[in-house]
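Fold the following.
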Amino acid sequence: MSKITPAVDKRILIFLAGFMWIGVGTMMLLLSYTWLKDGQVHGSWWFALVGTIAALVIHHFGFLRIVDQNLGRILPMQGKKCIFSFMTWKSYVMVAVMIAMGVRLRHSSVPKPYLSVIYISIGMALILSSLRYLRVLFSRLRKDHNE
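Model (predicted):
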């Protein structure tokens, strides 16, 4: 079984985690932008402002803790590990539940401007928190290069 397991170095796992967070965050921000750019949304900048403030809180008090837990699990790894181990199995289940909730919300009767606040909050918090993955990755790459 280990012969067919796609194994990679922990630097790749850190890159994948950061890239995934950036990708999902960008998708969420783009969706909220399309909901707010329509000139029919009165005071759309208020929705964006509330979402941005909430993103800073979510980033600082929620997602950074998750990033640190993931990095605390990935960094001590020795040798090559499965490419999917940048997240725990529990996290994969949580992601599936969050995707289902997002689809459900997008197809609900919740007005898109209000939904954009949630999407901006989570999307921006994901992108901000992913910077820690990238900072650790670049630090490791620089350290490996200097050795």
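
Could you check how far the residue nearest in space to the middle of the chain is from residue 40?
Nearest to the mean C-alpha position of the chain, by C-alpha atoms, centre = their mean, lies residue 21 at 2.5 Å. Using C-beta to C-beta, to the nearest Å, residue 21 is found at 32 Å from residue 40. C-beta coordinates here come from the backbone N, C-alpha and C atoms, glycine included.

again with residue 18
36 Å.

which one of these two has more residues nearby?
residue 18 (23 against 7; other C-beta atoms under 10 Å).

Now do the helix or strand bottoming out on mean pLDDT in the chain: which elements does it pack against?
Scoring the helices and strands of the chain by mean pLDDT, DSSP states H and E places strand 7-8 at the bottom, with a mean of 85. If you count contacts as 3 or more C-beta pairs under 8 Å, 6 or more residues apart in numbering; DSSP states H and E, strand 7-8 packs onto strand 81-82.

Can you list the strands that the strand it packs on pairs with?
Strand 81-82 has its sheet partners listed here by DSSP bridges as strand 7-8 (antiparallel).
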